[in-house]
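J.: here is my input, please return the structure:
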Amino acid sequence: MMTPLQKLTTFSLFYIMFFSLIIKETLHITTPTILFTMTASISFIILNLVYNQKLIKYQVVLSLLSLLLLSLSFYIWNNIYATNLYLAIITATIIYNMDKSLFKKLLLIALVIQTLLQIYEFLTLKYIFDYTLIKGDIEFTMSLDNLSFFRGKGLFPGALTAGSFAIYMAFIFRKNPYVLLLAFTSASLASTRLSVLTVFVIILLFIFQNNSIKIKYKIYFISTIILLVLLIVSLNSSEFINRLQNFADFNSDTNSLRIYYWTSGLYEFTQYPLINILLGKSNYFATIYGNSAESDWIMLLLETGIIGFLLYLIPIFSIIILSLAKQKYYLFLLILLWCIDIFLYRHISGIVSNVLHWYLLYDILDELNLKRKMKNEKSISS
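T.: Below is the predicted model:
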């Protein structure tokens with residue numbers, strides 16, 4: 001039974017993640033996010049002291065390690081840009097132990113609102129709000145007027161973040177065909193190549209692993225919706241369709257530039273002093289090159305060093321081993337797709353996508369350990 005304090009904490013963190021930005025930009029009301037997060041952390045501690053709630057050990061270990069690494073990094077970094085890479089682990093742990101089922105329902109609400117806002121932007125060719133990104137002395141306003149084709153962003157500062165959200169919704173709701181279709185619609189309206197292709201592959205994996213008698217009807221239904229969504233987007237964005245076709249063309253300007261940032265990121269990392277090889281340099285690469293390394297695996301090395309990189313890699317590697325050991329080949333393929341996405345996409349650069357990254361990781365580990373969990377519950381009840 002969830003207490004009112006648990007529900008309030010979950011709602012507060014959900015609001016910070018999804019609605020604080022749009023409220024700030026449209027109504028000019030600033031939410032004290034740090035205060036909200038501190039309150040959530042204090043509530044989490046109180047609940048565990050008062051109600052003696054049993055925490056999942058590996059999540060506690062990950063959170064304590066992230067807190068330790070964050071504390072050490074403050075002495076090494078010259079800015080706090082990359083702090084979200086550690087704070088997201090703690091936030092996800094709080095959410096998952098507070099009321100994970102409520103948070104999952106709220107995520108679905110957020111996806112519905114996000115898709116409706118993107119449809120509105122598509123019909124009006126105007127963003128709900130224009131977000132201004134400041135990099136040093138350069139200001140760039142993310143407006144449809146500055147784009148050559150439509151890219152809906154809805155609740156988020158940009159289309160890439162919106163695409164990342166759609167990807168994580170597809171991963172989290174991987175067993176729900178209707179939510180998968182909604183996530184695909186959102187990804188298509190965001191007009192980001194990798195998000196469209198990733199959600200499409202997740203849908204295909206869902207179809208082929210489902211042994212239901214009515215599977216052919218699901219195939220017809222999903223195929224029809226996908227074609228309709230692609231048709232809607234292509235009517236307004238022929239350039240986006242061309243970008244999809246050039247996705248695997250490494251000679252294209254976009255992909256050539258991406259490879260340049262990959263190699264540059266790895267080179268810069270090899271030039272780090274030993275202490276930075278271990279703990280990273282927050283925002284160093286972006287300061288030098290004016291861009292990210294276009295890969296979150298490489299950015300993790302650059303921002304958090306080998307230790308932070310392993311903090312992210314080892315849990316995913318353990319999922320791969322568990323899925324193979326338990327012959328969960330569907331999950332194994334999903335994890336491989338996830339790892340590829342992290343390499344090709346800025347999945348965990350923002351606080352929202354990063355929290356969802358760890359929420360998904362905890363969710364998959366729960367699914368893999370379900371039998372052991374049920375056995376433990378039976379032993380406790382007896």
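
J.: work out for me the element the closest residue in space to Ile172 that isn't next to it in sequence sits within.
T.: Leaving out its chain neighbours, the residue that sits closest to Ile172 by C-beta to C-beta, 6 or more residues apart in numbering is Leu360, at 5.5 Å. (Glycine included, C-beta is placed from N, CA and C.) Assigned by DSSP states H and E, Leu360 belongs to helix 351-368.

J.: what about the helices in the stretch 51-200 of the chain?
T.: Using DSSP state H, counting those that start in this stretch, the helices of the stretch 51-200 of the chain run over 57-73, 84-124, 159-172, 177-190, 193-209.

J.: now do the contacts for Leu180.
T.: Ala170, Phe173, Arg174, Val199, Ile202, Ile203, Phe206, Ile222 (C-beta atoms under 8 Å, 6 or more residues apart in numbering).

J.: ok, the second one - how many residues close by?
T.: Put plainly, it is Phe173. Counted by other C-beta atoms under 10 Å, the residues lying close to Phe173 total 20.

J.: what about the residue nearest to it when sequence neighbours are not counted, neighbour count?
T.: Of all residues not flanking Phe173 in the chain, Val179 sits nearest, at 3.8 Å (C-beta to C-beta, 6+ apart). For Val179, the count of nearby residues is 18 (other C-beta under 10 Å).

J.: Val179: what's it in contact with?
T.: So Val179 contacts Leu108, Leu111, Met169, Ala170, Phe173 (C-beta under 8 Å, 6+ apart).

J.: got those as JSON lines, with distance to Asp366 and pLDDT columns?
T.: Below are the contacts of Val179 laid out as JSON lines (distance: C-beta to C-beta, whole Å; pLDDT from 0 to 100):
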{"residue": "Leu108", "distance to Asp366": "18", "pLDDT": "95"}
{"residue": "Leu111", "distance to Asp366": "21", "pLDDT": "96"}
{"residue": "Met169", "distance to Asp366": "18", "pLDDT": "96"}
{"residue": "Ala170", "distance to Asp366": "18", "pLDDT": "95"}
{"residue": "Phe173", "distance to Asp366": "15", "pLDDT": "95"}
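
J.: out of these, which are buried?
T.: Leu111, Met169, Ala170, Phe173 (16 or more other C-beta atoms under 10 Å).

J.: my read: the last one touches Leu108, true?
T.: Yes. Using C-beta atoms under 8 Å, Phe173 and Leu108 qualify as a contacting pair, with a distance of 7.3 Å.

J.: tell me the one among the contacts of Val179 nearest to Asn283.
T.: Met169 (28.2 Å; C-beta to C-beta).

J.: list the contacts for that closest one?
T.: Leu107, Leu111, Val179, Leu182, Ala183, Ser186.

J.: picking up where we left off before, could you measure from the residue nearest to Ile172 over to Leu302?
T.: 23 Å (C-beta to C-beta, to the nearest Å).

J.: and these two? Which one has more around it.
T.: Remark: of Leu360 and Leu302, Leu302 carries more neighbours, 26 against 20, as counted by other C-beta under 10 Å.

J.: so that one makes contact with Gly280?
T.: Yes. Using C-beta under 8 Å, Leu302 is in contact with Gly280, at 6.2 Å.

J.: show me the shaky parts of this structure.
T.: Filtered on pLDDT under 70, the chain yields the residue ranges 1-3, 5, 24-55, 132-149, 211-222, 224-225, 228-253, 370-382.

J.: switch to 50 and redo it
T.: 49, 213, 371-372, 374-382 (pLDDT under 50).

J.: Leu322: neighbour count?
T.: 18.

J.: one more: Met299?
T.: 25.

J.: contacting residues for the residue nearest to it when sequence neighbours are not counted?
T.: Distance criterion C-beta to C-beta, 6+ apart; nearest residue to Met299, sequence neighbours excluded, is Ala293 at 5.2 Å. By C-beta under 8 Å, 6+ apart, the contact set of Ala293 is Tyr261, Trp262, Ser264, Gly265, Phe285, Met299, Leu302.

J.: now swap in Gly350 and tell me
T.: By C-beta under 8 Å, 6+ apart, the neighbours of Gly350 are Asn84, Thr161, Ser164.

J.: separation between the residue lying closest to the first one once chain neighbours are set aside and Pro157?
T.: Take Asn84 and drop its neighbours on the chain: the residue closest to it by C-beta to C-beta, 6+ apart is Ile351, 4.6 Å away. The span separating Ile351 from Pro157 equals 11 Å under the rule C-beta to C-beta.

J.: how close does the residue nearest to Ile172 sit to Phe14?
T.: For Leu360 relative to Phe14 (C-beta to C-beta), the value is 16 Å.

J.: repeat for Ile275
T.: 37 Å.

J.: who has more neighbours out of these two?
T.: A direct count of neighbours by other C-beta under 10 Å for Ile275 and Phe14 places Phe14 higher, at 19 against 13.

J.: Leu160 and Thr192 touch, don't they?
T.: Yes. With contact defined as C-beta under 8 Å, Leu160 counts as touching Thr192 (5.9 Å).

J.: Lys105 - how many residues pack around it?
T.: 12.

J.: now for the closest residue to Leu62 other than its chain neighbours: which residues touch it?
T.: Nearest non-adjacent residue to Leu62, counting by C-beta to C-beta, 6+ apart: Ile89, 5.6 Å away. Going by C-beta under 8 Å, 6+ apart, Ile89 touches Leu62, Ser63, Ser66, Leu311, Trp358.

J.: a markdown table for those, including distance to Cys339 and neighbour count?
T.: As requested, these are arranged in a markdown table below (distance: C-beta to C-beta, whole Å; neighbours: other C-beta atoms under 10 Å):
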| residue | distance to Cys339 | neighbour count |
| --- | --- | --- |
| Leu62 | 18 | 22 |
| Ser63 | 23 | 20 |
| Ser66 | 20 | 23 |
| Leu311 | 15 | 19 |
| Trp358 | 15 | 24 |
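
J.: out of these, which is nearest to Ile94?
T.: Of those, the one sitting nearest to Ile94 (C-beta to C-beta) turns out to be Ser63, at 8.4 Å.
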